[in-house]
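Participant: Test case, fold it:
(one chain, ligands or ions: 1)
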Amino acid sequence: MFKGEAMLRSLHAKFGPIITLNIGARPFISMADRNLCHQALIRNGALYADRPEALPIDKIISRNQLAILYSRCGPTWRLLRRNLTAEILNPSSVKSYSHARNWVVQILHNRLESQAKSGRPVFVMEHFRYAMFCLLVLMCFGDKLDENQIKKIEEVEHQLLVNLQKFSILNFCPRVTKIVLRKRWEELFRLLKCQEDVLIPFIRERKKAKEKRSRGPNMEDSKDESVVSYVDTLLDLHLPDENRKLNELEIVSLSSEFLSAGTDTTTTALQWIMANLVKYPHIQEKLFMEIKEVVRDGEEKIKEDDLKQIPYLKAIIIEALRRHPPFHFMFPHAVTEDVVVGEYVIPKEAAIVINAAEMGVGSKGLGGSHVIQS
Ligand code: HEM
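Facilitator: Residues are numbered from 1 along each chain as shown. Next comes the predicted model:
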C-alpha cells in the first residue's frame with residue numbers, strides 16, 4: 001500500500017466514511033464507504049458526473065481538457081464517452097478486433113517463451129503490459145502497424161507517463177515556475193511535441209484512408225475496411241458546443257488517453273488474476289478442467305467464441321476486479337450543484353475522490369493496489 005493510501009485509511013478509521021482535506025485551492029473530499037459511494041455514483045450518478053477544473057499541467061497535456069477523463073459534464077463529455085463505449089468498446093466492435101488480438105497473443109506467447117528459455121526470471125507484468133499496449137495501438141490507429149511503429153508510440157507515451165510526477169510541481173504558481181523552473185517547462189513542451197510528431201502521422205494516415213474509402217471501395221484495402229479504429233470515429237465527431245470537428249492535437253490527446261487508460265488497468269487486472277491463480281492452485285485446477293472441456297483434442301488455443309462456455313473464468317476475473325481494483329482511488333469527480341449526503345454537505349467546487357479499493361471489500365477488506373503486496 002502507498003503512503004497516501006495508508007494515511008487516508010487511518011484518517012477514515014478515525015473520522016468516519018467522509019473526510020475533507022483542505023489542500024490547495026479547493027476542498028478534497030475522500031469517500032470510503034460503499035453505501036455512500038453507491039448512493040453517489042449509482043443512485044445520483046448524474047449529480048456526481050462532473051469533474052473538477054483540471055490542474056494547469058493536466059489542462060496542457062489534455063489539450064484544454066479535451067480528454068474524456070478531464071471533460072466537464074456537458075454535451076462534449078457525453079459525446080466523447082458515448083463514442084468510446086458505443087463505437088469501440090461495444091461487444092460487436094470488440095469482436096472485430098479479433099485479428100489484432102490473435103497477433104498480440106502470438107507476440108505475448110513468443111516473448112514469454114523466449115524469456116523462459118533464456119533461463120532468466122520471467123517478468124510477466126512487463127510482457128502483459130507490452131501485449132496490451134500493442135492491442136490498444138491497433139484499436140486506436142488501425143491494424144496495419146508493425147512492431148517498430150508500435151515501439152515508437154510506446155516510447156513517447158512512456159516518457160510522458162514517467163515524467164508526469166516531475167511536472168506536477170509546475171501546477172503551483174505557473175507564472176513563477178515558468179521563470180524558476182524554466183527547464184522543466186521546456187522539457188514538458190518538448191515531450192508533448194515529440195508525442196505530436198509521433199502520433200500525428202498515424203492520424204493523417206487514417207484520415208487519408210477514410211477519404212480514399214469515401215471515393216469508392218478498393219479491393220486492396222478490404223481487410224482494413226472492416227476494422228474501424230478509434231481515430232476513425234474521432235475524425236467523424238462534431239463538437240456540439242462549437243459545431244466543429246476535432247483538430248489533430250485534440251485527437252492526439254484522446255488517443256493518448258485511450259492508450260494510457262486502457263493499458264495499465266487491464267495489465268494490473270491481469271497481473272492480479274494470474275497471482276491469484278498461482279496462490280490458489282485449487283482454483284487454477286478448477287479453471288483448467290473447465291477449459292479442457294471446451295478445447296477440442298489437438299487444439300492449443302481457446303477460441304474466442306468458446307469463452308462463453310467458461311463461466312468460471314469470468315467469475316475469476318470479476319472477483320479479482322472486486323478484490324484488487326486496478327485504481328485504488330478513482331479519478332476525482334465533482335458535483336454539478338451542492339449536494340447533501342446523509343449528514344454531509346458536498347460543495348460544488350470540491351474534488352471528490354472515491355476509494356474504489358474500500359468499496360469492493362468493506363472496511364476489513366484486502367484493499368487494492370497497483371503493485372502486488374508481499
Ligand atoms: C480492467 C480494465 C479497466 C478498469 C478496471 C477500468 C476502470 C475505470 C475506472 C474506475 C474509471 C473511472 C470511472 C469514474 O470516474 O466514474 C475509468 C474511466 C475510464 N476508462 Fe477505464 N477501466 C478499464 C479499462 C479501460 C479501457 C480498456 C479503456 C479504453 C480503451 C478505458 C478507458 C477509460 C476512459 C476513457 C475513462 C474516463 C471515463 C469518463 O470520465 O467518463 N478503460 N475506468
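Participant: Secondary structure element for Q149, which one?
Facilitator: helix 147-167 (DSSP states H and E).
Participant: What is the burial count for N110?
Facilitator: 11 (other CB atoms under 10 Å). All C-beta atoms are positioned from the backbone trio N, CA, C, and that covers glycine.
Participant: Report pLDDT for it.
Facilitator: Looking at N110, its pLDDT is 93.
Participant: What values do phi and psi take at it?
Facilitator: phi -60, psi -40 (degrees, to the nearest 10).
Participant: go on, F123?
Facilitator: phi -90, psi 90.
Participant: Provide a list of residues in contact with it.
Facilitator: For F123, the contacting residues are Q115, by CB atoms under 8 Å, 6 or more residues apart in numbering.
Participant: C140 now?
Facilitator: So C140 contacts S229, Y230, V231, S255, F258, L259 (CB under 8 Å, 6+ apart).
Participant: tell me which residues of the helix holding Q149 are tucked away?
Facilitator: I150, K152, I153, E154, V156, E157, L160, F167 (16 or more other CB atoms under 10 Å).
Participant: ok, so what distance separates the first one from the ligand?
Facilitator: Taking CB to the nearest ligand atom, to the nearest Å as the criterion, I150 is separated from the ligand by 15 Å.
Participant: ok so Y48 is a strand residue?
Facilitator: No. Assessed by DSSP: H, G, I helix; E, B strand; the rest coil, Y48 does not belong to a strand; its assignment is coil.
Participant: who in this structure is up against the ligand?
Facilitator: Residues of the chain that fall close to the ligand, judged by CB under 6 Å from any ligand atom: 68-69, 81, 84, 136, 257-258, 261-262, 265-266, 269, 321, 326-327, 330-331, 333, 356.
Participant: give me that answer again for 8 Å
Facilitator: 41, 49, 51, 67-71, 77, 80-81, 84, 88-89, 136, 139, 230, 257-259, 261-263, 265-266, 268-269, 321, 325-327, 330-331, 333, 354, 356 (CB under 8 Å from any ligand atom).
Participant: Any of the residues you listed buried? List them.
Facilitator: 41, 49, 51, 67-71, 77, 80, 84, 88, 136, 139, 230, 257-259, 261-263, 266, 268-269, 321, 325-327, 330, 333, 354, 356.
Participant: Strands - which of those land there?
Facilitator: If you go by DSSP state E, those have I354 in strands.
Participant: Can you get me a residue count around I179?
Facilitator: Using other CB under 10 Å: I179 sits among 9 other residues.
Participant: elements contacting the helix holding Q149?
Facilitator: helix 56-61, helix 124-141, helix 182-214, helix 248-279 (3 or more CB pairs under 8 Å, 6 or more residues apart in numbering; DSSP states H and E).
Participant: Quick check: buried residues in stretch 112-128?
Facilitator: For stretch 112-128, the neighbour count (16+ other CB under 10 Å) marks Q115, V124, M125, H127, F128 as buried.
Participant: Kindly check the end-to-end length of that stretch for me.
Facilitator: Stretch 112-128 has an end-to-end distance of 10 Å (criterion: CA to CA, to the nearest Å).
Participant: rewinding a little: with the contacts of C140 in mind, which one is nearest to the ligand?
Facilitator: F258 (5.0 Å; CB to the nearest ligand atom).
Participant: Just give me the residue right at the centre of this structure.
Facilitator: In the chain, the C-alpha nearest the mean C-alpha coordinate belongs to A261, at 1.6 Å (CA atoms, centre = their mean).
Participant: show me the contacts for it.
Facilitator: L69.
Participant: switch to 10 Å and redo it
Facilitator: By CB atoms under 10 Å, 6 or more residues apart in numbering, the residues touching A261 are A67, I68, L69, L84, L136, F331.
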